[in-house]
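Enquirer: Sequence first, then the predicted structure, then my questions.
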Amino acid sequence: MHSGQESPERPFAHPLLEENSLPIAAGQIASKTALVLLVSSRVLYGGSVVSVTASRWVNKLESASNDSTWSKSVTGLALRTSLALCSHELTDQVKGFSEGRAVPIVWVPGLSHIRRGRSAMKERFMSTLIAGVAVLAVLTAVSVVQAAVTGDSISVHFGADEPTGGTASELDPTQVAGVVPSANWNNADTKGGVQSALTRDTNGVATTTGATTLWEATNTWSSTGKGEENNNFDPATGDFVLMTGYLDQNTASPSPIFIQIRNLPPDIASGTYDVYIYVLGGHSNKGGEYTCNNAGPLYFVGGGDMDNGPFTGRKFVQAMGTDPSYGPDDFGNYIVFQGQTGSTVTITATNFFGNNPRAPINGVQIVVH
């Protein structure tokens, strides 16, 4: 209960402002941004007089956000909005804050005794509005963090040693890729093999399973770096890496790619899951029939009907796969077989369409419901 007198000045002890505990996670950075805005709107911690020197950690915030998936533009937009909404003296306070000056900002208990003739209603409105901007900054950044790694999946990237003998198409455990953003992808090299103890990703946490994948194709290739440049995903992302190497066919006659993932964990096998198949070849306008267990075929022209067209990145586009004539409904860079169940997933891709037909596979993602 406030007495109406200003509280004595004391340090602002919120852990987000501690010198040695400046986090760089996007959600925590957003919390700092929110604190800036909440301070500027006089919604203060503990109802005390606060003096904050900002430059010490604002510089670190900006540096950290350069290396995070959260853009500085969230901070900038929120601060600019705050400045635009504040009164003249409050603008001076936030301006001083952003310039690194020690800025005294006074809590007025209940926001009812407003100085310099400004009405209580207006100050309340401003404080509420700016606080809302702060909350939006938090929610925006947190949504980015949550979008980075979501869900429960087992994901395998094929052709991970492409371009030939390299590692440009090998996903690091921390790299996030896929329509359902997942880390901890399993990398499968060469045109055929067996890989056991597949890693499962649950909201970014890796666990080793008893699942095994086996695969066979006539070749591997790359959508970039081997004289064919058809990968237009952002090179700074895991999606670019995922869509680089792939299982391929280098035969004139149809030659199916075969993939099987077996011994799925019991909790996955007993429920339902969706199977995502990612496709982007060195050239577009090639395709074929894809099956998963007893479902399909889906008719798929990975990358669409033209090189470097709208289906080659920067975003994922699902092909419906319903047109046996390989029309526009079959254009995209991934397909989905929904509602699968059981401990084994068996996939085939047979090259039927295009000049020197190809029906490649870059990756497979089993996403648990």
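Expert: Sure, I can see it. Residues are numbered from 1 along each chain as shown.
Enquirer: how about low-confidence regions in the stretch 51-200 of the chain?
Expert: 51-148 (pLDDT under 70).
Enquirer: ok, 90 please
Expert: The stretch 51-200 of the chain contains residues with pLDDT under 90 at 51-150, 164-168.
Enquirer: tell me the contacts of Thr344?
Expert: Thr344 sits next to Gln260, Ile261, Arg262, Asn263, Leu264, Asn293 when contact means C-beta atoms under 8 Å, 6 or more residues apart in numbering. C-betas here are computed from N, CA, C, even on glycine.
Enquirer: thinking the fourth one is in contact with Thr213, fair?
Expert: No: counting by C-beta atoms under 8 Å, no contact exists between Asn263 and Thr213, whose distance comes to 9.8 Å.
Enquirer: Between the two, tell me which one has more neighbours.
Expert: Thr213 (21 against 15; other C-beta atoms under 10 Å).
Enquirer: bridging residues for the more buried one?
Expert: Judged by DSSP bridges, the bridge partners of Thr213 are Gln195, Ile261.
Enquirer: Let me know the pLDDT of it.
Expert: What the model reports for Thr213 is a pLDDT of 98.
Enquirer: for Ala252, same thing?
Expert: 79.
Enquirer: Spatially, what comes nearest to it if we skip its sequence neighbours?
Expert: Nearest residue to Ala252, sequence neighbours excluded (C-beta to C-beta, 6 or more residues apart in numbering): Asn356, at 7.0 Å.
Enquirer: can you check Leu242 too?
Expert: Excluding the flanking residues, the one nearest Leu242 by C-beta to C-beta, 6+ apart is Ala177, at 4.2 Å.
Enquirer: wait, the one you found sits on Asp239?
Expert: Yes: using C-beta under 8 Å, Ala177 is in contact with Asp239, at 5.1 Å.
Enquirer: So what sits opposite Asp248 in the bridge?
Expert: Asn219.
Enquirer: Quick one: residues contacting it.
Expert: Asp248 touches Gly159, Lys191, Ala217, Thr218, Asn219, Thr220, Trp221, Gly281, Arg358, Pro360, counting by C-beta under 8 Å, 6+ apart.
Enquirer: about what we covered before: tell me the bridge partners for the residue nearest to Leu242.
Expert: Ser182.
Enquirer: And it, how close does it get to Ala183?
Expert: Going from Ala177 to Ala183 by C-beta to C-beta, to the nearest Å gives 8 Å.
Enquirer: Repeat that for Asp172.
Expert: From Asp172 to Ala183 the distance is 9 Å (C-beta to C-beta).
Enquirer: Tell me which of those two has more neighbours.
Expert: Higher neighbour count among Asp172 and Ala183: Ala183, with 23 against 13, using other C-beta under 10 Å.
Enquirer: is it true that that one touches Gly151?
Expert: No: between Ala183 and Gly151 there is no contact under C-beta under 8 Å: 10.8 Å.
Enquirer: how about Pro266, phi and psi?
Expert: Backbone dihedrals for Pro266, given as degrees, to the nearest 10, come out at phi -50, psi -40.
Enquirer: In contact with it, which residues?
Expert: Pro266 neighbours (C-beta under 8 Å, 6+ apart): Ser343.
Enquirer: Can you tell me how far it is from Thr174?
Expert: Taking C-beta to C-beta, one finds Pro266 at 28 Å from Thr174.
Enquirer: in the stretch 201-350 of the chain, what spans have low per-residue confidence?
Expert: Looking at the stretch 201-350 of the chain by pLDDT under 90, you get 251-253.
Enquirer: residue ranges of the helices in it, please?
Expert: 238-242, 266-269 (DSSP state H, counting those that start in this stretch).
Enquirer: Show residues contacting the longest one.
Expert: Contacts made with helix 238-242 from outside it, assessed by C-beta under 8 Å, 6+ apart, are listed as 157, 168-171, 175-178, 185, 231, 233-234, 278, 313, 316, 362-363.
Enquirer: repeat for stretch 347-359
Expert: Identification of contacts with stretch 347-359 by C-beta under 8 Å, 6+ apart yields 247-249, 251-252, 254-260, 275, 277, 279, 281, 283, 285-292, 299-302, 326, 360-361, 364.
Enquirer: try 6 Å this time
Expert: Outside stretch 347-359, the residues within contact range by C-beta atoms under 6 Å, 6 or more residues apart in numbering are 249, 254, 256-259, 281, 285-292, 326, 361.
Enquirer: Select only the buried ones of those residues in PyMOL?
Expert: For the buried members of the contacts of stretch 347-359, the matching PyMOL selection, counting by 16 or more other C-beta atoms under 10 Å, is:
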select buried, resi 249+256+257+258+259+281+285+286+287+288+289+290+291+292+326+361
